[in-house]
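Asks: just the structure for this:
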Amino acid sequence: MNLAFIPSPSTGVIHLGPIPLRGYAFCIIIGVFVAVWYGNKRWVARGGQAGTVADIAVWAVPFGLVGGRLYHVITDYQLYFSDGEDWVDAFKIWQGGLGIWGAIAFGAVGAWIGCRRRGIPLPAWADALAPGIAFAQAVGRWGNWFNQELYGKPTDVPWALKITEGTNRVAGTYHPTFLYESLWCLGVGFLVIWADRRFKLGHGRAFALYVAAYCVGRGWIEYMRVDEAHHVLGLRLNDWTAITVFVLAVTYIVISSRVRPGREEVVEPSSAESAGAEPVSGDAPSDDEPADEAEKSVPSENGSTSKS
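Replies: Below is the predicted model of the structure:
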């Protein structure tokens with residue numbers, strides 16, 4: 001008998017009259033707020049304007065949500081389109097099911113559109129947002145706790161997660177993979193912050209480091225999970241995705257550091273000037289250097305440069 005465990009909430013939703021307040025949604029919303037808030041601090045420190053990160057997030061977040069849901073539905077199609085299942089459930093995002101791979105890919109498309117409209121380069125914006133995205137994932141994973149989903153193998157460790165019986169759930173104590181991934185994402189965020197200050201990462205390399213580090217953790221955490229998943233050559237599909245994305249991220253870091261060493265310096269055009277503006281790159285200060293010091297080293301403001 002396991003005397004110590006992490007309890008699961010009795011319900012993942014609280015009703016205020018006819019309005020349902022869902023824990024899963026709250027975790028996603030809080031995570032987005034954290035990413036935008038911290039990303040804004042890093043963007044301003046690099047010479048950008050306050051509010052730009054939020055303006056671009058208006059594009060990136062909706063695209064990311066759609067992409068995350070599409071990835072989940074496509075890779076777990078049997079949950080919605082097999083015999084006895086209701087395809088309408090594919091639209092019930094509040095029940096859980098956002099694939100980070102699709103969220104990042106589609107979110108990048110939305111961010112690219114926003115960056116084009118503001119006249120700033122996507123890689124620099126992604127570098128500023130990278131640790132914030134990791135922190136957002138750390139918060140968002142607690143949404144799985146509210147929904148009692150995505151847990152690991154049965155265990156009797158003191159930090160085991162207690163799952164109650166329900167649809168597609170067997171009561172017992174399991175590895176809290178949501179907690180493992182949440183803690184890992186916190187570590188990834190701090191790793192990116194340290195590496196960015198130490199090595200002056202630029203041109204998308206801070207974002208690539210976040211991606212590579214996350215993939216390492218996702219690989220072993222995914223291996224522990226017991227929820228239904230497609231397997232290829234004995235490995236879960238998401239493990240293969242993590243391996244592939246890790247290789248691509250590391251390759252990008254290596255090639256980018258040789259082709260475009262250093263960190264780009266940013267002078268962001270005003271909103272009125274951003275349409276049609278061309279980015280200007282150079283060597284940028286560290287995150288701790290004030291934005292006004294960065295502006296002093298740039299001769300004009302005719303262009304601009306510089307997140308799961």
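
Asks: show me the contacts for Trp240.
Replies: Taking C-beta atoms under 8 Å, 6 or more residues apart in numbering, we find Trp240 in contact with Val232. From N, CA and C alone the C-beta is placed, and that goes for glycine too.

Asks: so how far is Thr75 from it?
Replies: Distance, Trp240 to Thr75, using C-beta to C-beta, to the nearest Å: 11 Å.

Asks: ranges for the strands of the stretch 151-300 of the chain?
Replies: Using DSSP state E, counting those that start in this stretch, the strands found in the stretch 151-300 of the chain span residues 161-163, 172-174, 231-232, 235-236.

Asks: which of those has the lowest average pLDDT?
Replies: Comparing mean pLDDT across the strands of the stretch 151-300 of the chain, the weakest is strand 231-232, with a mean of 84.

Asks: show me what it is packed up against.
Replies: Counting contacts by 3 or more C-beta pairs under 8 Å, 6 or more residues apart in numbering; DSSP states H and E, strand 231-232 is packed against no other helix or strand.

Asks: what are the pairing partners of it, and which direction each?
Replies: Using DSSP bridges, strand 231-232 pairs in its sheet with strand 235-236 (antiparallel).

Asks: just give the nearest non-adjacent residue to Ala229, would you?
Replies: Of all residues not flanking Ala229 in the chain, Arg236 sits nearest, at 4.6 Å (C-beta to C-beta, 6 or more residues apart in numbering).

Asks: hang on, the one you found packs against Glu222?
Replies: Yes: using C-beta atoms under 8 Å, Arg236 is in contact with Glu222, at 5.5 Å.

Asks: compare those two (neighbour count), which wins?
Replies: Set Arg236 next to Glu222 and count neighbours by other C-beta atoms under 10 Å: Glu222 wins out with 22 against 19.

Asks: measure the more buried one to Leu237 for me?
Replies: According to C-beta to C-beta, Glu222 stands 9 Å off from Leu237.

Asks: now Trp37
Replies: To Leu237, Trp37 is 33 Å away according to C-beta to C-beta.

Asks: do you know the pLDDT at Gly282?
Replies: 45.

Asks: likewise for Glu295?
Replies: 43.

Asks: the stretch 51-200 of the chain: helices as residue ranges?
Replies: 52-75, 78-81, 100-118, 122-140, 142-147, 177-199 (DSSP state H, counting those that start in this stretch).

Asks: ranking those helices by burial, who's on top?
Replies: Highest mean neighbour count among these (mean count of other C-beta atoms under 10 Å): helix 122-140, with a mean of 28.

Asks: do you know how far the nearest residue to Leu191 once chain neighbours are set aside is from Arg46?
Replies: Distance criterion C-beta to C-beta, 6+ apart; nearest residue to Leu191, sequence neighbours excluded, is Ala213 at 5.6 Å. As for Ala213, its distance to Arg46 is 21 Å (criterion: C-beta to C-beta).

Asks: which of the two has more residues huddled nearby?
Replies: Ranked by neighbour count (other C-beta under 10 Å), Ala213 and Arg46 place Arg46 first, with 26 against 22.

Asks: for that one, phi and psi?
Replies: When read as degrees, to the nearest 10, the backbone of Arg46 gives phi -90, psi 0.

Asks: was I right to think it contacts Ala128?
Replies: Yes: between Arg46 and Ala128 a contact is recorded at 6.3 Å, counting by C-beta under 8 Å.

Asks: what's around Ile93, how many residues?
Replies: 18.

Asks: would you mind measuring from it to Asp227?
Replies: For Ile93 relative to Asp227 (C-beta to C-beta), the value is 17 Å.

Asks: just the C-alphas of stretch 100-120, formatted as CSV.
Replies: These are the backbone C-alpha positions of stretch 100-120, laid out as CSV (Å, rounded to 0.1, in the frame of the first residue of the first chain):
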residue,chain,number,x,y,z
ILE,A,100,3.7,20.6,-28.7
TRP,A,101,5.3,19.7,-32.0
GLY,A,102,2.3,21.0,-34.0
ALA,A,103,1.9,24.0,-31.6
ILE,A,104,5.5,25.1,-32.2
ALA,A,105,5.4,24.5,-36.0
PHE,A,106,2.2,26.4,-36.6
GLY,A,107,3.0,29.0,-33.9
ALA,A,108,6.2,29.7,-35.9
VAL,A,109,4.1,30.4,-39.0
GLY,A,110,1.9,32.8,-37.1
ALA,A,111,4.9,34.5,-35.5
TRP,A,112,6.5,34.8,-39.0
ILE,A,113,3.4,36.7,-40.2
GLY,A,114,3.5,39.0,-37.1
CYS,A,115,7.2,39.6,-37.5
ARG,A,116,6.8,40.5,-41.2
ARG,A,117,4.1,43.0,-40.3
ARG,A,118,6.4,44.6,-37.7
GLY,A,119,9.5,44.5,-39.9
ILE,A,120,11.6,42.4,-37.5
